[in-house]
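>>> Using only what follows, build the 3D model:
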Amino acid sequence: FGQEDVAGRNPITFKDNGDLTGSFVKKNSITLSNNRCVNVHGTDGLYIGENVAYDTIGHCYALELGSEINNSFDKNIGILTKKATTQATGETDNTPATFLMTHPGNSWTGNVAAGSEFFGFWMDLTIDNSVATMSAFSDNTVHSTFHMGIKSWPVGWRPSEPQVWVNTK
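Residues are numbered from 1 along each chain as shown. Presented below is the predicted three-dimensional model:
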């Protein structure tokens, strides 16, 4: 699965699909991927749920552009997310997150990030979406990450109204 150092060569990719409300990626197993797991690029309204990813390279469950909204990541697990030794130009897969969050206007519920070489959840936001509110972030679990469980950088998240993360472990 996947081809390291080539953008878009991921096991499951949705690229520039627009609004896919009602569509889903559900109950898949991704093992030994050489480039990410489920990659969402320019696509909104997708349900990504109950998937298992093990021993993968680069970001695992990833939003890519920072414009994607209304996607739902629900009850997914990523185990042993490893850094890329080479990567496509402009990508950050050498410091991977099991869940790469580039826009808060999506939901993450009941997910597990276990054993990432860098981050469990990474909010890699732009200036434009750093004040957006999060649809949902609840019942997520992070453990055994090498650097940080949850990271908000380089811009930082400054939502325009108070936010609550519920039952995060």
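
>>> So what's the residue count around Thr98?
Using other CB atoms under 10 Å, the number of residues around Thr98 comes to 31. Every residue, glycine included, has its C-beta placed from N, CA and C.

>>> who's in contact with it?
Going by CB atoms under 8 Å, 6 or more residues apart in numbering, Thr98 touches 53, 59-61, 78, 81, 113-114, 116, 119-121, 142.

>>> again with Leu63
Applying CB under 8 Å, 6+ apart to Leu63 gives the contacts 40, 71, 100-103, 106.

>>> Please name the bridge partners of it.
Val40 (DSSP bridges).

>>> same thing with His143?
Ala114.

>>> That one and Ala114 touch, don't they?
Yes - assessed by CB atoms under 8 Å, His143 is found in contact with Ala114 at 5.7 Å.

>>> Give me the more crowded residue out of those two.
In terms of neighbours (other CB under 10 Å), Ala114 is the more surrounded of His143 and Ala114; the figures are 17 against 12.

>>> Going by distance to Gly149, which of the contacts of Leu63 wins?
Minimum distance to Gly149 across the contacts of Leu63 is 13.1 Å, recorded for Met101 (CB to CB).

>>> I'd say the closest one and Trp108 touch.
Yes - at 6.9 Å, Met101 counts as touching Trp108 under the criterion of CB under 8 Å.

>>> shared neighbours of these two, anything?
Phe121.

>>> Which of the contacts of Thr98 fall within strands?
53, 61, 78, 81, 113-114, 119-121, 142 (DSSP state E).

>>> Val164: what's it in contact with?
By CB under 8 Å, 6+ apart, Val164 has no neighbours at all.

>>> Got phi/psi on it?
Main-chain dihedrals, Val164, degrees, to the nearest 10: phi -130, psi 130.

>>> Could you pull up the residues touching Phe137?
107-109, 163, 165-166, 168 are the contacts of Phe137 under CB under 8 Å, 6+ apart.
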